[in-house]
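turn this into a model:
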Amino acid sequence: MKVGVVGNPRYRDLKAVLEHVAQIAPAKGITLYCEERLGPFWSRQLPVLEQAELDALVTFGGDGTLLRGARVLNGRETPILGVNLGRVGFLTTATRETLDHALDALVAGRYITERRQALTAAIRRGVRVRIIVPGHNTDTALVRSAGRATWGPFLQAGAQIHEYQPTMFHCKVLVVDGLWVSVGSTNFDTRSFRLNDEANLNVLDRDFAERQTSDFENDLKRSRRVTYEQWRERPWTEKLWESTAGLFRSQL
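The predicted structure follows:
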């Protein structure tokens, strides 16, 4: 199997990660190819990937590295797996650039208290945004309430928000246009974007995206949609609690 590697040289642990990959690849029957600028990061010289016929491509680092990998492939139909480690946001540069040209976006997230502006801007460009979040079955009622307090403008813009009903909901998945997927530990909240060490995989592969979309649609059937009218007419006690929870949003 021929696998290409693309990386961001500014990624702090890139050399250690690449050395580990180089050690385990032969035992897996994998031949590695690297982009030319990563040559100094390997202990041995590897063939250059730009002209290779690859079976897959792996990218390491945020800041649009996944999209750089797509440009390196130059239109070739090759699955891409992007690895983000460290303090990363669910909406990385790659995701924001992807949404700029998207038609459809699916979001399954435990918390959504941040980055609504990016999704709202996508909706105004005509992107259909459907979201599943936890319902009443949650172990973090404060975070859920802080997020719900800010839904008004988001719902007015056209976001379709659904609350999962049967059990707790811990998924963190983004699917764009049935092709691009980000999945991992990152929530849409301040702590994930600015404080916590998180890990996300970004995958550019239609088959993988179709499987994730199917799972999303199945979860959607078990969820209850919240309209803007319903949100606006919620009991005053809920509004009071949500407003109070919102005071702590910067710490959630």
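
Val176 is in contact with Val203, correct?
No. Assessed by CB atoms under 8 Å, Val203 is found out of contact with Val176, at 10.9 Å. All C-beta atoms are positioned from the backbone trio N, CA, C, and that covers glycine.

looking at the two, which one has more neighbours?
More crowded of Val203 and Val176, by other CB atoms under 10 Å: Val176, with 22 against 19.

Gly82 versus the more buried one, what's the distance?
Note on Val176: its distance to Gly82, by CB to CB, to the nearest Å, is 13 Å.

got it, and Trp180?
From Trp180 over to Gly82 (counting by CB to CB), the distance is 9 Å.

and for Arg128?
24 Å.

with Ala52 instead?
According to CB to CB, Ala52 and Gly82 sit 19 Å apart.

ok, Ile161 next?
Distance of Ile161 to Gly82, computed by CB to CB: 27 Å.

looking at those two, which has the bigger crowd around it?
Gly82 (28 against 23).

which SSE is that one in?
In the assignment (DSSP states H and E), Gly82 maps to strand 80-86.

for the stretch 151-252 of the chain, what spans make up the strands?
Counting by DSSP state E, counting those that start in this stretch, the stretch 151-252 of the chain has strands at residues 160-164, 173-176, 180-184, 198-204, 223-226.

nearest to Phe60, out of the ones you listed?
Shortest distance between Phe60 and the strands of the stretch 151-252 of the chain, using CB to CB, is found for strand 198-204: 10.7 Å.

tell me how far that closest one lies from the chain's centre.
Offset of strand 198-204 from its chain centre (CA atoms, centre = their mean, to the nearest Å): 6 Å.

same question for stretch 132-141.
Per CA atoms, centre = their mean, the displacement of stretch 132-141 from the mean C-alpha position of its chain is 20 Å.

give me the phi and psi for the nearest residue to Glu53 once chain neighbours are set aside.
Of all residues not flanking Glu53 in the chain, Lys2 sits nearest, at 6.8 Å (CB to CB, 6 or more residues apart in numbering). Main-chain torsions, Lys2, degrees, to the nearest 10: phi -100, psi 120.

so what's Lys2 bridging to?
Thr31 (DSSP bridges).

from Thr31, how far off is it?
Remark: distance between Lys2 and Thr31 (CB to CB) = 5 Å.

and what of Gly7?
Taking CB to CB, one finds Gly7 at 17 Å from Thr31.

these two: who's more crowded?
Taking other CB under 10 Å, Gly7 and Thr31 do not tie; Gly7 has more neighbours (23 against 15).

contacting residues for that one?
By CB atoms under 8 Å, 6 or more residues apart in numbering, the contact set of Gly7 is Leu14, Leu18, Glu35, Leu38, Phe41, Thr59, Phe60, Gly61, Thr65.

among these, which ones are in strands?
Thr59, Phe60 (DSSP state E).

of the contacts of Gly7, which is the most crowded?
Most neighbours among the contacts of Gly7, by other CB under 10 Å: Thr59, with 27 neighbours.

quick check: that one touching Leu81?
Yes. Thr59 lies in contact with Leu81 (CB under 8 Å); the separation is 7.3 Å.

overlap of the contact sets of the two?
Both Thr59 and Leu81 are in contact with Asn202, where contact means CB under 8 Å, 6+ apart.

what angle do strand 160-164 and the host helix or strand of Ala122 make with each other?
In this assignment (DSSP H and E), Ala122 forms part of helix 116-124. Using axes from the mean of the first three to the mean of the last three CA atoms, to 10 degrees, the inter-axis angle of helix 116-124 relative to strand 160-164 is 120 degrees.

can you dump the C-alpha coordinates of whichever helix or strand comes after helix 116-124 into PDB?
Following helix 116-124 in sequence order, the next helix or strand is strand 128-134 (DSSP H and E). Taking Å, rounded to 0.1, in the frame of the first residue of the first chain, the C-alpha atoms of strand 128-134 are listed here in PDB:
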ATOM      1  CA  ARG A 128     -28.100  23.900   4.900                       C
ATOM      2  CA  VAL A 129     -26.900  23.400   8.500                       C
ATOM      3  CA  ARG A 130     -28.500  20.600  10.500                       C
ATOM      4  CA  ILE A 131     -27.300  20.100  14.100                       C
ATOM      5  CA  ILE A 132     -28.000  17.400  16.800                       C
ATOM      6  CA  VAL A 133     -27.200  18.300  20.400                       C
ATOM      7  CA  PRO A 134     -28.000  16.600  23.700                       C
END
